[in-house]
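K.L.:
pasting the sequence and the predicted coordinates here, then a few questions.
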Amino acid sequence: MKSEILEVKHLTVDCGNHKMLKNIISDISFHLKRNHCFGIVGESGSGKSITCKAILGLLDKSFDVKGDVIFNDIHLLKEDKRKIRHIRGKEISMILQNPMTSFDPLFPVQEQMVETFIENLNISKKEALELSLKGLEDMHILHPKDVLKKYPHQLSGGMLQRVMIGIALALKPSIIIADEPTTAVDAINVVKVMEQFIRIKENHHVSMIFISHDLGAVSKIADDLLVMKDGKIVEAGETQQVLNRPQSEYTQYLINIRNALVDRFYHVIG
Ligand SMILES: Nc1ncnc2c1ncn2[C@@H]1O[C@H](COP(=O)(O)OP(=O)(O)OP(=O)(O)O)[C@@H](O)[C@H]1O
């Protein structure tokens, strides 16, 4: 078995038509090792989300995607849509920035979890119900039976995100892609959501791509790091090496921002 579970080779994304073509991602290559966490960091607009959407075939026709994305010997950019949909549901789970957009506001959480599990795991309704409860228990969510009966708007962003992580994990994917999973979460829940991710990394056999503009958050969890700016790779390497001996001015700038924030935090709390 290869040590890399996902390889991205020379990924390039352009947007628009022949009259006005805008390059968004330029020649990105990296690989995700099995049971490792790969962090992608960069400021807003650097191309982190478009990179992940391109990998998963989630970009619409206005985008032109070139390069190779190889998951377990399957060339994702060349496969037919049905197979990709199956891989996306079962093998690669994505956790989005805003959990509210992942749920249908009209149905209680339980119904949506059960439906997702039946569709992706081919199990009975009773088994799907049991798995829903277990999914929330695994996330250390208190009163899981009550939470299951709630509609999405009755839960906080942080709670919904933890439900989302519970669903993603219960599907037992090979890869989890988390795109800024703490953006829509309040400060107290950010810690809880980060704890869940660190626990997942330690206890579950899952490979992960963790995307954030926050170098501090990424560095807590990622084994390897890729720094992006304007759709290009600025720097890549083992996380500690990148943090301790940054080779580019831009990475140093991100480290300085992070250090200034930490200093300010300790100043405020005395
Ligand atoms: N639908 C679109 N059409 C055209 N350009 C787009 C579209 N979506 C994103 N872009 C452009 O692609 C570039 C990368 O955007 P992307 O959302 O990947 O950045 P990001 O690093 O994920 O930032 P953020 O953290 O704010 O989401 C930006 O310049 C953005 O303006």
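P.N.:
Noted; the coordinates are in hand.
K.L.:
poorly predicted segments of the stretch 151-270 of the chain, please.
P.N.:
262-270 (pLDDT under 70).
K.L.:
up against the ligand, what does it have?
P.N.:
180, 213 (Cβ under 6 Å from any ligand atom). Placement of C-beta: from N, CA and C, glycine included.
K.L.:
how about the helices in the stretch 151-270 of the chain?
P.N.:
Ranges of helices in the stretch 151-270 of the chain, per DSSP state H, counting those that start in this stretch, are 157-170, 187-203, 215-221, 239-244, 249-269.
K.L.:
of those, which stretch is the most buried?
P.N.:
Among the helices of the stretch 151-270 of the chain, helix 157-170 has the highest mean neighbour count (mean count of other Cβ atoms under 10 Å), at a mean of 24.
K.L.:
got the angle between that helix and helix 187-203?
P.N.:
Using axes from the mean of the first three to the mean of the last three Cα atoms, to 10 degrees, the direction of helix 157-170 lies 10 degrees away from that of helix 187-203.
K.L.:
what about residue 209, how many residues nearby?
P.N.:
Residue 209: 26 surrounding residues under other Cβ atoms under 10 Å.
K.L.:
tell me how far the ends of stretch 80-97 are from each other?
P.N.:
27 Å (Cα to Cα, to the nearest Å).
K.L.:
right, is it up against the ligand?
P.N.:
No. Using Cβ under 6 Å from any ligand atom, stretch 80-97 never reaches the ligand; the gap is at least 7.1 Å.
K.L.:
out of everything not next to it in sequence, what's closest to residue 70?
P.N.:
Nearest non-adjacent residue to residue 70, counting by Cβ to Cβ, 6 or more residues apart in numbering: residue 7, 4.4 Å away.
K.L.:
which ones are touching residue 27?
P.N.:
Counting by Cβ atoms under 8 Å, 6 or more residues apart in numbering, residue 27 touches 10, 11, 12, 67, 232, 233.
K.L.:
which residue packs closest to the fifth one, ignoring adjacent ones?
P.N.:
What it means is residue 232. In space, and not counting its chain neighbours, residue 232 is closest to residue 26: 5.0 Å by Cβ to Cβ, 6+ apart.
K.L.:
just give me the neighbour total for the one you found.
P.N.:
Applying other Cβ under 10 Å, we find 15 residues neighbouring residue 26.
K.L.:
use 377 as the first number for this chain going forward.
P.N.:
Sounds good: first residue 377 from here, last item residue 402.
K.L.:
picking up where we left off before, in TSV: the contacts of residue 403, plus neighbour count and distance to residue 498.
P.N.:
Shown next, in TSV, are those (neighbours: other Cβ atoms under 10 Å; distance: Cβ to Cβ, whole Å):
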residue	neighbour count	distance to residue 498
386	11	36
387	23	32
388	16	37
443	17	33
608	15	42
609	19	39
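K.L.:
fine, thanks again, bye for now.
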